[in-house]
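A.B. asks: Give me coordinates for this.
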Amino acid sequence: MARISLIESESATPDVKEIYEKALRGKPGNAQKALAHRPEMLKNFLPFYTSVGKSLDRKLYEMIYLRVSFINGCHYCQQHHLASSKRVGLTAEDWKALQDGNYARFTEKEQTALAYAEKLTRTPRDITDADFEKLKKHFSDTEIVDLHLLTGLANLTNRFTDPLGLEVEFPEERI
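C.D. replies: Prediction:
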């Protein structure tokens, strides 16, 4: 159960109602309903959220988001990204491997990105030039920036949704 009130359409201010209708097609999730306590943040966060990771393959994007969410134990983000990962071809076996941190089934490029995102999540102060050498074998500077932003975004949403007690809005997946 949410630890704060969620702003429903009926009680939303006109600017939040407009965001709900236009940007979210009338279907705000619980994260957006919580963020609506700060309408200017909601307005700015949505385009930021959708812009992060654009240079990365969408399957890799979902893999990274899921791995970070598994590391952090964020149920809300796991469920949202399990659902979206199906649309890019990830399977229950892929989910289990990501949950376990076993990257052997993935390509070398994916393994590199996942290992880096894990290190960036767990021990960012330990990132070295050698880590970047591995990244640069597979990723452009633009993609490396997106990899950092995506990992940071997943960590941010992991620290926003579950701690606020936000509930998943749809039937949940089991791994």
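A.B. asks: How confident is the prediction for the residue nearest to residue 165 when sequence neighbours are not counted, by pLDDT?
C.D. replies: Computed as Cβ to Cβ, 6 or more residues apart in numbering, the closest residue to residue 165 that is not its neighbour in sequence is residue 3, at 4.1 Å. All C-beta spots, glycine's among them, are computed from the backbone N, C-alpha and C. The per-residue pLDDT reported for residue 3 equals 98.
A.B. asks: which SSE is residue 3 in?
C.D. replies: Residue 3 belongs to no helix or strand when assigned by DSSP states H and E.
A.B. asks: Give me the residues contacting stretch 158-171.
C.D. replies: 1-4, 6, 29-31, 34-35, 68-69, 72-77, 79-80, 83 (Cβ atoms under 8 Å, 6 or more residues apart in numbering).
A.B. asks: at 10 Å instead, please
C.D. replies: 1-4, 6, 27-31, 33-35, 45, 65, 68-80, 82-83, 121 (Cβ atoms under 10 Å, 6 or more residues apart in numbering).
A.B. asks: So among these, which ones count as buried?
C.D. replies: By neighbour count, with 16 or more other Cβ atoms under 10 Å, the contacts of stretch 158-171 hold 6, 28-31, 33-35, 45, 65, 68-72, 74-80, 82, 121 as buried.
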